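Student: What follows is a predicted protein model with its sequence.
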Amino acid sequence: EHRGLVKHTGGCHCGAVRFEVWASPDLHVFNCNCSICTKKQNRHFIVPASRFKLLQGADNLTTYTFNTHRAQHTFCKTCGVQSFYTPRSNPDGYGIAPHCLDDGTVQTIITEDINGKEWEKAVGEHKTIRDMSKP
């Protein structure tokens, strides 16, 4: 269906929220040092919305926003795990937590630090982050 991509499945800890996402088996994961990513240890890779499908648990999700309210930090009401969210940098896509994917489809993970403490500057200077949510 998606050339060169594999279907990853995943979800929250309690299993109430399940999703599938088409992405490379070799993940480019961001490690952001902004206030919320630091507190939650939110490492994520970005995909276009067209490559993400919520399979179950829409009614079990709740959302936290702050500051600009552009990022939609969704998490399971039961176990509190954020397995995906809508990032401020890519409101037309999803940030997926690689540690919430089921075993067997990830080959490698490359982690890139991003200076979220200076978010505007970091995202403005990043050469590819905004394009990661484009189909």
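Tutor: Now that the structure is in, tell me what you want to look at. Bear in mind the structure is a predicted one, so any value in this text is a computation, not a measurement.
Student: For the most centrally placed residue in the chain, give its distance to R3.
Tutor: Central residue of the chain (C-alpha atoms, centre = their mean): G95, 1.7 Å from the mean position. Per C-beta to C-beta, to the nearest Å, G95 is found 23 Å from R3. In this view, the C-beta of every residue, glycine as well, is placed from N, C-alpha and C.
Student: How about Q72?
Tutor: Remark: distance between Q72 and R3 (C-beta to C-beta) = 29 Å.
Student: If you count surrounding residues, which of the two has more?
Tutor: Taking other C-beta atoms under 10 Å, Q72 and R3 do not tie; Q72 has more neighbours (17 against 5).
Student: Please list all residues in contact with that one.
Tutor: 63, 65, 85-86 (C-beta atoms under 8 Å, 6 or more residues apart in numbering).
Student: Go again with 6 Å.
Tutor: 63, 86 (C-beta atoms under 6 Å, 6 or more residues apart in numbering).
Student: Could I get the full set of helices for the protein?
Tutor: 35-40, 119-125 (DSSP state H).
Student: Could you check the longest one and say which residues are buried?
Tutor: To tie it back to what came earlier, the one meant is helix 119-125. Of the residues in helix 119-125, 119, 122-123 count as buried by neighbour count, 16 or more other C-beta atoms under 10 Å.
Student: Please determine how far R88 is located from F45.
Tutor: With C-beta to C-beta as the criterion, R88 and F45 are 15 Å apart.
Student: what about these two, which has more around it?
Tutor: Shown here are R88 and F45; by other C-beta under 10 Å, F45 has more neighbours (24 against 19).
Student: Hmm, T105 is touching T9, no?
Tutor: No - at 7.8 Å, T105 and T9 do not qualify as touching, with contact defined as C-beta atoms under 6 Å.
Student: what are the ranges of the strands in this structure?
Tutor: Here the chain has its strands, by DSSP state E, at 6-11, 18-23, 26-32, 43-48, 52-56, 61-64, 73-76, 84-85, 93-96, 108-114.
Student: in this structure, what spans have low per-residue confidence?
Tutor: Counting by pLDDT under 70, the ranges of the chain that qualify are 1.
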